[in-house]
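Chemist: Based on what follows, work out the 3D shape:
(chains A, B, C and D)
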Number of protein chains: 2
Amino acid sequence: MEKGKRHVSLKDLANEIGVSISTVSRALNNHPDISPEVTRKIQQLAAARNYTPNPLAMGLLKQATRMIGVIVPDLVTHFYSSIISGIEQVAEEKGYYILIASSNETLQKEIKAVNNLLKTRVEGLIVCLSQETRSYEHFDRLIQNQIPLVFFDRVCRMGEVPTVVVDNEDAAQKITRHFYRNGFRRIGYIAGPDHLSISQERTRGYLSGLKSCGLEFRPELLEKCNLSSNDAIEATGRLLSLPEPPDAIFGINDTIAFAAMKEIKSRGLRIPEDVALVGFTDEFHSTVVDPALTSITHPTFEMGQEAARLFFKRIENPEAKPDQVVLNTKLVVRKSSVK
Amino acid sequence: MEKGKRHVSLKDLANEIGVSISTVSRALNNHPDISPEVTRKIQQLAAARNYTPNPLAMGLLKQATRMIGVIVPDLVTHFYSSIISGIEQVAEEKGYYILIASSNETLQKEIKAVNNLLKTRVEGLIVCLSQETRSYEHFDRLIQNQIPLVFFDRVCRMGEVPTVVVDNEDAAQKITRHFYRNGFRRIGYIAGPDHLSISQERTRGYLSGLKSCGLEFRPELLEKCNLSSNDAIEATGRLLSLPEPPDAIFGINDTIAFAAMKEIKSRGLRIPEDVALVGFTDEFHSTVVDPALTSITHPTFEMGQEAARLFFKRIENPEAKPDQVVLNTKLVVRKSSVK
DNA sequence: AACCTTTGCGCAAACCTTTGCACTATTTTG
DNA sequence: CAAAATAGTGCAAAGGTTTGCGCAAAGGTT
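Modeler: Below is the predicted model of the structure:
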């Protein structure tokens, strides 16, 4: 192999055998026009020389890069990396590659990521919105140009764009009822900021869960926080300092559940004897703490798979009505919520 | 904008203005040959039509895709995703994209990933070997063809390929000495399988650490396990059941440290009063458990950055002697190891 | 024997960009 | 005023692939 020349082309093969480029191309694609002997000879040489078609050339020709852009708020949390794994698995089966970009939870970087990915000619985008994102013009451009787009978890433009989310309301309801069944009656809830759809949905589930158990809603048991650990600790503190404190608390995500756990322990209260605790979080973290944390786990890998499937549906049939997929969560009961 | 036509080309602009493609190309590159008015007009139209050069065409022309292939054992652990973030950051600054593949810790998928990435014409590879990988032919092909290659964390072919690793021996030594300084004298160590270089290096550090503190090495205090949680629990059990059990234990990674923590607690022993504990793990997990776990943290993000930097060095100067970068770890002291 | 069909292959265009060279006007120089 | 320089633009090739069409030779049909 010549130095500096890293890949053989059809031309190289053609020259070596003494036929035209088209013949080589056809032979490799088993075109019936080419005689069996020639085909055999060409295919052997191609194998020997380790020929693989140049995807750049194919991309130019077919106007299809077989690449999908994926934008996530960050790369380092298990939730997103697991979803990416799911996307990757389905993409790989279809012979697609994914190009990953991180918005770092900022709108600015999200917009930049969209533009950069489009520049690279990805065939479309699979996106989870950043926490900041409240205007969606940068996606409207894709919608107008019929560039395939799928949202997951944090979504917008529903009805126009395929989405995959988990049933947050149902999940929160499950938690509430789980508490009820285990004898807890004063169920507290630490929510997130109002503008996040997941926070709203979970709040709805909390309320409807209370109702379905015949429990009355006590406003003082619903606390809000931004999603920081410190704020969550304060919120927990307020709940525990109530004249009639909750006997069970449900935190809206990882950070908050663990912060609540710390605060409860630091007040000398026992989990679950004095206060039960349930969170929304992933398997590994939940089993590492003491007591192991009962929690709602997301089907992250499946979520990624589903997002990718919706994407390919879109590629194959751009006109179809966009699907809205809702996945179910699972309540995994551990020690923190069972007396 | 026409439907179905997603990107404008030089040709489109040329036709619209009534000049040749070359003129448009030159105008956009501010070539002095083109008259100022024409240049201005073309640049305005290009901006209006949202023109961006087609990277496929550029790739074909320049024989450079501006893509780097990255292969990691898995995507879902913080260690790797954080490294990827580091790689991405440096790559982005250089206008490169990264294509991520996961080997799932198997040799077979690693080989497949190498081949697939080469097929896509990445300009080179940044790789962390899978746990299984003990033969390296699939990389020799790259070395021979002068395709840029960088290894991080788990490395091979040192001397031929740039590598970036952490100083595992030093890290293990730090831990041992930290124990000593805090009054612990019977220091246990739960190692991993022998064939892993990181396990060997850390064992060396453990031994030299003991020596430098004037402590004698007791073989019964060195336990081995495969890296599973159950095995680690058993190993911890054996240590704690010794006639003279250790007063401090050092676990070689996340899984093992947390498993040890569980086992210690389940025997009714207190951390750090009865047994101190230190692990190799990441920030988040360590602070979530109770007591917070003292641990060695890897400079993961920096490791990714460094790997990317070595990669570009290689691109710019393929002949240079490959660098071997060794990064320092940090011992973050928390409650689990200080009486 | 004259024509038609089939077989097997090559030419050239298209996808998009850059760039050396050629070309045409204009302007400058001797 | 003729010759030469200069400014401004277009042509065409290259990079790799697919594919409609054309073409030649061979075989088959009356």
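Chemist: quick one: the most centrally placed residue in chain A and DNA strand D, what's the gap?
Modeler: Centre of chain A computed as the mean C-alpha position; nearest residue by C-alpha atoms, centre = their mean is residue A:83, 4.2 Å away. Distance, residue A:83 to DNA strand D, by C-beta to the nearest atom of the strand, to the nearest Å: 33 Å. (C-beta placed from N, C-alpha, C; glycine too.)
Chemist: Excluding sequence neighbours, find me the nearest residue to that residue.
Modeler: The shortest distance from residue A:83 to any non-neighbouring residue, by C-beta to C-beta, 6 or more residues apart in numbering or on different chains, is to residue A:304 (3.9 Å).
Chemist: can you confirm that neighbour is in a helix?
Modeler: Yes. Assessed with DSSP: H, G, I helix; E, B strand; the rest coil, residue A:304 lies in a helix.
Chemist: Now do the contacts for it.
Modeler: Going by C-beta atoms under 8 Å, 6 or more residues apart in numbering or on different chains, residue A:304 touches A:82-90, A:152.
Chemist: Go through the residues you listed and flag which are in strands.
Modeler: residue A:152 (DSSP state E).
Chemist: Out of the contacts of residue A:304, which comes closest to residue A:313?
Modeler: residue A:90 (11.2 Å; C-beta to C-beta).
Chemist: which element is the closest residue to that closest one other than its chain neighbours on?
Modeler: In this structure, residue A:90 finds its nearest non-sequential neighbour in residue A:308, 3.6 Å apart by C-beta to C-beta, 6+ apart. Assessed by DSSP states H and E, residue A:308 sits inside helix A:300-316.
Chemist: Show me what counts as buried in that helix.
Modeler: Neighbour-count burial for helix A:300-316, with 16 or more other C-beta atoms under 10 Å in any protein chain shown as criterion, is recorded at A:300-314.
Chemist: Tell me the one of the residues you listed nearest DNA strand C?
Modeler: residue A:314 (21.5 Å; C-beta to the nearest atom of the strand).
Chemist: and that closest one, what pLDDT?
Modeler: You'll see residue A:314 listed with a pLDDT of 94.
Chemist: pLDDT wise, what is the closest residue to residue A:329 other than its chain neighbours at?
Modeler: Once flanking residues are discounted, residue A:329 sits nearest to residue A:171: 4.2 Å by C-beta to C-beta, 6+ apart. Looking at residue A:171, its pLDDT reads 95.
Chemist: what about residue A:171, which helix or strand?
Modeler: helix A:168-181.
Chemist: can you list the residues of the stretch 1-150 of chain A near DNA strand D?
Modeler: Proximity of the stretch 1-150 of chain A to DNA strand D (C-beta under 7 Å from any atom of the strand) is limited to residues A:7, A:9-11, A:21-22, A:25-26, A:28-29, A:51-54, A:56-58, A:60-61.
Chemist: neighbours of whichever residue of the stretch 151-300 of chain A sits closest to DNA strand D, just the number please.
Modeler: Going by C-beta to the nearest atom of the strand, DNA strand D is nearest to residue A:162 of the stretch 151-300 of chain A, at 28.7 Å. Neighbour count for residue A:162, taken as other C-beta atoms under 10 Å in any protein chain shown: 26.
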